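>>> Provide a 3D model corresponding to the input given below.
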Amino acid sequence: MDLNELKLYSIGIDKKEFGRTYSFIDFGNVDYWYEKDERDCEGNLLSENEKLVIGIEKLASFSHLFSEHSRFYFGFDPQNSKSVGFLDKSRDFFDKTITKPIQNIRHYLGDA
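Predicted coordinates:
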């Protein structure tokens, strides 16, 4: 058993049982979910100012373990150079990257 087979076995994925698998990753949901996490991958409490960070390269590597094709979606802010650079990086690791500019919507809770 090689390392990749061991990884799949440890998370309970049998490629023969599941057959052809595709991954569709909406990174906005993944990143937001981890932003609210209070524990690390080993179950240890994070300090108050500590945050889990999802590495895009590791996420792609994990996805490619069991997926025949991995697609990545991320809404981006064209005014933010970090957002544009992040998408360029995602194109290096995923089979297809799908984007659209984010929309800023004003919400008024009181009298305008």
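
>>> give the buried residues for the longest strand belonging to the chain.
Longest strand in the chain by number of residues (criterion: DSSP state E): strand 69-76. When burial is assessed from 16 or more other Cβ atoms under 10 Å, strand 69-76 yields the following buried residues: Ser70, Arg71, Phe72, Tyr73, Phe74, Phe76. Heads up, the C-betas are built off the backbone N, CA and C, glycines and all.

>>> confirm Val30 sits in a strand?
No: Val30 is assigned helix when assessed by DSSP: H, G, I helix; E, B strand; the rest coil, not a strand.

>>> from Tyr73, how far off is it?
According to Cβ to Cβ, to the nearest Å, Val30 and Tyr73 sit 10 Å apart.

>>> cool, and Met1?
Distance from Met1 to Tyr73, by Cβ to Cβ: 33 Å.

>>> which neighbouring elements make contact with the longest strand of the chain?
Packed against strand 69-76 by the contact rule (3 or more Cβ pairs under 8 Å, 6 or more residues apart in numbering; DSSP states H and E) you find strand 22-26, helix 27-35, helix 56-66, helix 81-93, strand 96-101.
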